[in-house]
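>>> next comes the sequence, and after it the predicted model I'd like to discuss.
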Amino acid sequence: MAAPEVNLLFHQPISDHAFNADRSLLAVTRESNVELYTRSGKGFTLKDELKGHDKTVTSVDISPVTGRIVTCSQDRNALVWEPTPDGIWKPTLVLLRLNRAATFVRWSPDASKFAVGSGARAIAICYFEEENDWWVSKHIKKPLRSTVLSVAWHPNSVLLAAGSTDAHARVFSSFIKAVDSKPAPTVWGERIPFNTVCGEFINNSGGWVHAVDFSPSGDVLAFAAHDSSITLVYPSAPEQPPQAVITVTTPMLPFVTLAWLNENELVTGGHDCQPVVFQGDVSGWKMAYSVDDPSKKGEMGEGERSALNMFKQMDLKGKDAAMDDSTLRTVHQNTIVTIRPYEGQPGNITKFSSTGVDGRIVIFPKTPRGV
């Protein structure tokens with residue numbers, strides 16, 4: 001296996017990250033700002049900083065279609081950033097109308113809308129109103145009963161999945177007449193006015209649903225919950241019971257993020273600090289392997305431990321950093337918060353990127369160690 005590309009950006013948590021379409025620009029959250037990095041060999045160079053929020057930025061996304069950046073924050077606001085001809089990123093405030101923190105944001109695949117999850121028991125579906133030249137929102141509220149932790153778009157840019165702290169994963173319609181053309185029928189529904197609930201699924205242990213995502217075809221929904229499980233939902237037809245609902249429980253710590261690699265594989269990450277791949281189909285799923293299995297790992301080849309750092313550790317603690325019990329044998333040294341596809345096409349992802357509480361961004365090949 002090719003070694004993962006590891007870059008320590010700073011010693012602070014990264015709650016979210018996003019790449020542009022050609023992977024030349026990286027946006028990462030850092031406290032109340034968003035930092036923009038350009039690719040420099042196998043590393044990243046700080047290029048710019050987006051300052052517009054006055055509380056912690058919780059999520060960021062870059063549209064692969066338009067290159068616009070959207071950010072949301074605990075200050076209850078979202079900003080859409082566009083570059084001016086002189087290269088300065090100009091923010092536009094979005095009318096979210098939320099009375100609690102914004103928690104998660106994602107552009108729709110066609111870039112016509114974006115969805116913002118929140119602690120206000122609502123999802124704001126935001127779109128640009130040409131007549132008034134501003135970004136406005138409509139709220140999905142029922143039957144949400146708690147904070148929305150994650151959202152994910154269906155490939156048709158109309159259906160939206162959401163995971164929340166009320167232990168539910170749901171599929172909604174976000175159809176807006178002024179923006180969307182009528183989508184083709186799917187297994188999730190045909191007539192889908194705004195706020196239609198096309199599916200509602202519960203975690204049997206009552207655990208928070210941390211992450212949701214549609215498969216590349218849009219015909220399968222995956223979600224990860226706080227009971228260290230993942231669940232796969234195979235719908236059968238509109239308003240019919242699902243064809244299959246498969247839950248895979250694991251002995252690991254909870255997963256908080258997931259991404260599909262292809263129609264039969266997905267990768268998860270969380271409090272065990274290592275990406276884990278699951279494989280299966282409608283007949284069953286299993287935990288296949290860890291991409292960064294600490295039991296198969298020798299000395300970390302990260303290039304971060306310099307001679308100066310080694311002597312500092314020996315001076316401060318009286319021992320070599322390599323012998324420090326606080327150093328994990330995984331690449332990530334703390335919880336993985338976000339995993340995103342990095343290389344390949346939807347349905348055939350060969351590399352993925354991850355960020356977390358340790359301030360690192362890591363680009364992993366999907367193959368297990370030693371293969």
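Structure received.

>>> what is the burial count for Phe278?
A total of 23 residues lie near Phe278 under the criterion other Cβ atoms under 10 Å. C-beta coordinates here come from the backbone N, C-alpha and C atoms, glycine included.

>>> state whether it is indeed within a helix.
No - assigned with DSSP: H, G, I helix; E, B strand; the rest coil, Phe278 falls outside any helix and is strand.

>>> so who does it touch?
Residues near Phe278 by Cβ atoms under 8 Å, 6 or more residues apart in numbering: 230, 248, 265-268, 285-288.

>>> what pairs with it across the strands?
Judged by DSSP bridges, the bridge partners of Phe278 are Leu266, Met287.

>>> need the helices for this protein, in chain order.
Along the chain, the segments classed as helices by DSSP state H run 307-317.

>>> point out where it drops to low pLDDT.
For the chain, applying pLDDT under 70 flags the ranges 1, 297-325, 369-371.

>>> by neighbour count, which of the contacts of Phe278 wins?
In terms of neighbours by other Cβ under 10 Å, the contacts of Phe278 top out with Thr268 at 29 neighbours.

>>> which residues of the stretch 151-300 of the chain fall in strands?
Along the stretch 151-300 of the chain, counting by DSSP state E, counting those that start in this stretch, strands occupy 159-164, 168-173, 197-202, 209-214, 221-225, 229-234, 244-249, 255-262, 265-270, 276-281, 284-290.

>>> quick check: angle from the fifth one to strand 284-290?
Spelled out, that is strand 221-225. 60 degrees (axes from the mean of the first three to the mean of the last three Cα atoms, to 10 degrees).

>>> pretty sure Asn7 contacts Leu46?
No - using Cβ atoms under 8 Å, Asn7 is not in contact with Leu46, being 11.5 Å away.

>>> returning to what we had before: quick one: the strands of the stretch 151-300 of the chain as a markdown table, columns for distance to Thr71 too.
Converted to a markdown table, the strands of the stretch 151-300 of the chain look like this (distance: least, Cβ to Cβ, whole Å):
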| stretch | distance to Thr71 |
| --- | --- |
| strand 159-164 | 19 |
| strand 168-173 | 23 |
| strand 197-202 | 28 |
| strand 209-214 | 19 |
| strand 221-225 | 24 |
| strand 229-234 | 28 |
| strand 244-249 | 33 |
| strand 255-262 | 18 |
| strand 265-270 | 22 |
| strand 276-281 | 29 |
| strand 284-290 | 32 |
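
>>> looking at the contacts of Phe278, spot the one nearest Trp89.
Using Cβ to Cβ, Val267 is the member of those that sits closest to Trp89, with 30.7 Å.

>>> show me the contacts for that closest one.
Val267 makes contact with 258-259, 261, 275-278, 291, 339, 352, 366 under the criterion Cβ under 8 Å, 6+ apart.

>>> over to Asp61?
Asp61 touches 16, 18, 69-70, 105-107, 114, counting by Cβ under 8 Å, 6+ apart.

>>> turn those into a markdown table, including distance to Glu35 and neighbour count.
Output for these, formatted as a markdown table (distance: Cβ to Cβ, whole Å; neighbours: other Cβ atoms under 10 Å):
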| residue | distance to Glu35 | neighbour count |
| --- | --- | --- |
| Asp16 | 12 | 23 |
| Ala18 | 12 | 26 |
| Ile69 | 12 | 24 |
| Val70 | 16 | 25 |
| Val105 | 17 | 27 |
| Arg106 | 19 | 23 |
| Trp107 | 19 | 24 |
| Phe114 | 20 | 25 |
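
>>> which one of those residues is nearest Glu129?
Comparing the contacts of Asp61 against Glu129 with Cβ to Cβ places Phe114 closest, at 13.9 Å.

>>> I'd say that closest one and Arg106 touch.
Yes - if you go by Cβ under 8 Å, Phe114 and Arg106 touch, sitting 6.3 Å apart.

>>> which one of the contacts of Phe278 sits closest to Gln240?
Trp285 (21.5 Å).

>>> from Asp227, how far out is the closest one?
16 Å (Cβ to Cβ, to the nearest Å).

>>> do the same with Trp188
From Trp188 to Asp227 the distance is 25 Å (Cβ to Cβ).

>>> same question, Phe128
40 Å.

>>> ok, Pro143 next?
22 Å.

>>> for Val357, same thing?
Distance of Val357 to Asp227, computed by Cβ to Cβ: 21 Å.

>>> same question for Leu160.
Separation of Leu160 from Asp227 (Cβ to Cβ): 24 Å.

>>> try Lys182
39 Å.

>>> those two: who's more crowded?
Neighbours were tallied for Lys182 and for Asp227 using other Cβ under 10 Å; the higher tally belongs to Asp227 (17 against 11).

>>> so who does that one touch?
Neighbouring residues of Asp227 by Cβ under 8 Å, 6+ apart: 203-205, 207, 249, 254.

>>> looking at those residues, which has the most residues close by?
When neighbours are taken as other Cβ under 10 Å, the top entry among these is Asn203 (21 neighbours).

>>> surely that one touches Ala225?
Yes - counting by Cβ under 8 Å, Asn203 does reach Ala225; the two are 4.0 Å apart.

>>> am I right that Phe175 is in contact with Pro193?
Yes - counting by Cβ under 8 Å, Pro193 is a contact partner of Phe175 at 6.2 Å.

>>> of these two, who's got more company?
Counted by other Cβ under 10 Å, Phe175 and Pro193 do not tie: Phe175 has more neighbours, with 22 against 8.

>>> quick one, phi psi at the more buried one?
phi -60, psi 120 (degrees, to the nearest 10).

>>> list the contacts of it.
Phe175 is in contact with 158, 183, 192-194, 196, counting by Cβ under 8 Å, 6+ apart.
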